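Enquirer: Return a 3D structure for these sequence lines:
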Amino acid sequence: MRFLRAWIAAVVLSALGYLLFVLSGLDYPPLRLFGVLTQLLGIPKLFQLVHQIFGLGQGGKIFAFTGVSILWLGGLTLLGGLWRGQIAGLITFVLMLVFTPWYVALGYGVAFWLILDGVNALLAPRARRDGRDGGDQTSGELLVTGNVRAGRPNQTRRTTTALLAAGGAVVAGGGLAGLFRSGGAAAPAVASVTPGGRLPFGVTPVSQWYYVSKNLEPFDPKVDGTKWRLKVSGLVRTPQSLSLSDLKKFAPVRDERTLACISNPVGGPLLSNGIWEGFRLSELLKAAGVQPGARYLIWEAADGYTESLPLGRALEDDVLLVHSLNGEPLNVKHGFPLRVLIPGRYGMKQPRWITGIRLTEADEAGYWVKRGWSKTAEIELMSRIDEPAEISPQMKAGAAGFIRGIAFFGDKPVTKVEVTTDGGKTWTAARLVAPRTKYAWTPWELPFTPAAGTYQVAVRAHSGGTVQKDKEADALPEGATGYHHFIVNVS
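Expert: So this is what the prediction gives:
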């Protein structure tokens, strides 16, 4: 029963800690531990393996956080079952120093000590004596000796302990399930945009925008827009601290742009196209005044994410800070209140939930760069087939139809798209649908009236003299390459 009581104490401590995290933003140790594991999962080879096993998006993170939760609760239960509260609390404090600040470790160590002792005092079996004194106490348990009878009160305590332990399991399991449901419920439409599925042409509805985060989705930062300020610091003449209202006074810019994730595989769904509203970063930097020694710009985000950009690139007019997508303020998933847009770069270079811009003399490796991902994250020339969809590649014999899709090369134009239906023996140029802006993807289509049979379809894009790479390479660390290809059955 000692371990059941330790389990109860672990659940109580975790629940109270999560409540403090939600109400005050105090560090939550399981999240810190999850961050350490995420760093390991972020190594390109391991990241690719996780994607292969659990799919794109949040699957791997849910797996990781479930493992962290089991490790956290199981570790506390083991400590509380083996030692008294004071010793268990001390060991908890020492172990937590590895991944949390000292004051958080101290607070949790003391709290676990007090909660464990309290649970043991309330629920540990007690001897009822018949005239003669006898007994000893070890690790919170009373060893009944001499003329001592356990009696009905102890049976009641055992039953209560078992019920509370079961309740703790329900709370822990329900809490995890609730977190994952809250992450998925926010955008049910995203489920329709799957690997091999059809992408929405034109402007992607916000509900179907791709979503990738280093965080488990329920723990993405929830920024209070009324208190939020963008701080501009470092090698600037006039440091800034600006509200969203202040930033909206800069000359507005409205532009249609496509955003793509560096972890998107060939034919994958992790790219979307939208209409953004914001202002030029260069205007903000001019207002702050750039000092002569500045060479790099460091982005800082509310979730601890950092990235960098050479100052020369940051001063170009196409780098935007945006606050709206498709006519609506950014939602939490897409970076409220402010995010970065840099044409020609993958999304890892364009942070969300921006809180600070710091100008420095030396470069600083960003969150994913530290883990071996691309330093420049420049977009690879890509194309994909959306019709027929790879997940159901069926067409009707003799029926006039199309092979359709999109091509994209960041800030460079797509000048030609070719399609093969015979495994690359012959290629036919598709019709391009001119994008409304130079930063949006290019839709394409090829009329196709097939006879019954099997067709090996593939697509490749051109940009001037640049031809899409045919060599297949994993998405990490530099971005996926290779032709999107699959077999279409016509009957």
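Enquirer: all contacts plus neighbour counts: C-alpha atoms, from now on.
Expert: Will do.
Enquirer: Skipping adjacent residues, who's closest to Val457 in space?
Expert: Nearest residue to Val457, sequence neighbours excluded (CA to CA, 6 or more residues apart in numbering): Thr421, at 4.2 Å.
Enquirer: need the contact list for that neighbour.
Expert: 427, 455-458 (CA atoms under 8 Å, 6 or more residues apart in numbering).
Enquirer: Pick out the most distant pair among those residues.
Expert: Using CA to CA, these span at most 13.1 Å, a distance reached by Trp427 and Tyr455.
Enquirer: For the stretch 51-200 of the chain, which residues score under the pLDDT cut-off?
Expert: 51-61, 126-198 (pLDDT under 70).
Enquirer: hmm, which of the contacts of Thr421 are the buried ones?
Expert: 427, 455, 457-458 (16 or more other CA atoms under 10 Å).
Enquirer: Which members of these are positioned in strands?
Expert: 455, 457-458 (DSSP state E).
Enquirer: can I get these in JSON lines with pLDDT and distance to Leu73?
Expert: Output for those, formatted as JSON lines (pLDDT from 0 to 100; distance: CA to CA, whole Å):
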{"residue": "Tyr455", "pLDDT": "96", "distance to Leu73": "54"}
{"residue": "Val457", "pLDDT": "97", "distance to Leu73": "51"}
{"residue": "Ala458", "pLDDT": "97", "distance to Leu73": "50"}
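Enquirer: ok, of these, which one's closest to Asp255?
Expert: Nearest to Asp255 among those, with distances taken as CA to CA, is Ala458, at 31.1 Å.
Enquirer: residues touching that closest one, list them.
Expert: 385, 419-421, 423-424, 483-486.
Enquirer: Buried ones among the residues you listed?
Expert: Of those, these count as buried by 16+ other CA under 10 Å: 385, 419-421, 483-486.
Enquirer: before we move on, back to that, specify which member of the contacts of Thr421 is nearest to Lys249.
Expert: Ala458 (47.6 Å).
Enquirer: Would you mind naming the residues that bridge with the closest one?
Expert: Following DSSP bridges, Ala458 is listed with bridge partners Thr420, His485.
Enquirer: picking up where we left off before, ok, the residue nearest to Val457 to Lys471 distance?
Expert: Thr421 is 19 Å from Lys471, where distance means CA to CA, to the nearest Å.
Enquirer: how would you label Pro351: helix, strand or coil?
Expert: coil (DSSP: H, G, I helix; E, B strand; the rest coil).
Enquirer: Please name the residues that touch it.
Expert: Taking CA under 8 Å, 6+ apart, we find Pro351 in contact with 299, 301, 305-307, 335, 339-340.
Enquirer: Over to Gln86?
Expert: Counting by CA under 8 Å, 6+ apart, Gln86 has contacts 110, 113-114.
Enquirer: All the helices of this protein, residue numbers only.
Expert: In the chain, the segments counted as helices under DSSP state H are 2-24, 29-41, 44-54, 59-82, 85-96, 102-123, 151-185, 244-247, 281-288, 311-314.
Enquirer: right, and out of the buried ones among the contacts of Thr421, which lies closest to Trp83?
Expert: Nearest member of the buried ones among the contacts of Thr421 to Trp83, counting by CA to CA, is Ala458, at 63.6 Å.
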